[in-house]
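1. Next input, structure requested:
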Amino acid sequence: MKKAFNIVIAEDHTILREGLKSLLSSQPNLKIVGEAGDGLEPIRCVQNHSPDMILLDLSMPRMTGLDVIKEIKRVNADTKIIVLTVHSSEEYILATLQAGADGYVLKDADSTELLTAIRHVLDGRRYLNPSISGTIIDGILQGKKASAIRFA
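-> Numbers count the residues shown, from 1 in each chain. Modelled structure (predicted):
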């Protein structure tokens with residue numbers, strides 16, 4: 001990754017958002033161009049800034065993360081989305097990937113893993129938190145599909 005990438009952080013918990021901003025801003029090729037505390041703000045950020053990536057919490061006020069993913073991909077299909085969440089169930093993971101998310105990282109990941117996920121996705125690859133990869137593979141082998149779920 002040589003060029004600078006523009007990122008929006010969408011997280012409704014201020015202290016987590018500030019910590020993510022501090023971590024990502026310390027990277028020479030990552031620039032924070034927007035912050036969002038609810039589900040509507042990241043969509044406006046995409047419309048105004050055309051960021052390369054959104055780091056998105058699923059449980060957001062005013063609009064669910066799943067709906068945010070779908071709308072961002074409708075507005076700008078090139079914007080990459082990494083979901084950063086506490087939700088580790090197969091249904092959440094599959095639903096977000098089917099909606100258009102490019103990566104899925106659990107909030108118990110360390111900073112090295114998050115930065116690895118960001119690099120993978122910005123490089124055009126998908127990323128799944130290693131601790132959930134087995135869950136997805138098992139689901140695929142069992143022929144499961146994401147059910148219609150609603151994120152709170």
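2. Could you list the low-pLDDT ranges of this protein?
-> Filtered on pLDDT under 70, the chain yields the residue ranges 1-2, 144-152.
3. Can you show me the strands along this structure?
-> Along the chain, counting by DSSP state E, strands occupy 5-10, 30-36, 53-56, 80-85, 103-106, 127-128.
4. of all those strands, which lies closest to G19?
-> strand 5-10 (9.8 Å; CB to CB). Placement of C-beta: from N, CA and C, glycine included.
5. what separates the closest one from the chain centre, distance-wise?
-> 10 Å (CA atoms, centre = their mean, to the nearest Å).
6. just stretch 36-48 next, same as before
-> 13 Å.
7. Which positions in it come out as buried?
-> When burial is assessed from 16 or more other CB atoms under 10 Å, stretch 36-48 yields the following buried residues: A36, G37, G39, L40, E41, P42, I43, C45, V46.
8. mind putting those residues in TSV, distance to L66 included?
-> Below are those laid out as TSV (distance: CB to CB, whole Å):
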residue	distance to L66
A36	15
G37	18
G39	10
L40	14
E41	16
P42	13
I43	13
C45	18
V46	16
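9. Between all of those residues, which two are at the greatest distance?
-> G37 and V46 (15.5 Å).
10. how about the strands of the chain in a markdown table, adding distance to K21?
-> A markdown table is the format used below for those (distance: least, CB to CB, whole Å):
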| stretch | distance to K21 |
| --- | --- |
| strand 5-10 | 6 |
| strand 30-36 | 5 |
| strand 53-56 | 10 |
| strand 80-85 | 13 |
| strand 103-106 | 16 |
| strand 127-128 | 20 |
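11. Of these, which is nearest T116?
-> Across the strands of the chain, closest to T116 is strand 127-128 (CB to CB), at 7.5 Å.
12. Name the strands paired with that closest one and say parallel or antiparallel.
-> According to DSSP bridges, strand 127-128 has the following sheet partners: strand 103-106 (parallel).
13. roughly how far is the strand it pairs with from the heart of the chain?
-> That offset, for strand 103-106, works out to 7 Å (CA atoms, centre = their mean).
14. With that, I have no additional questions.
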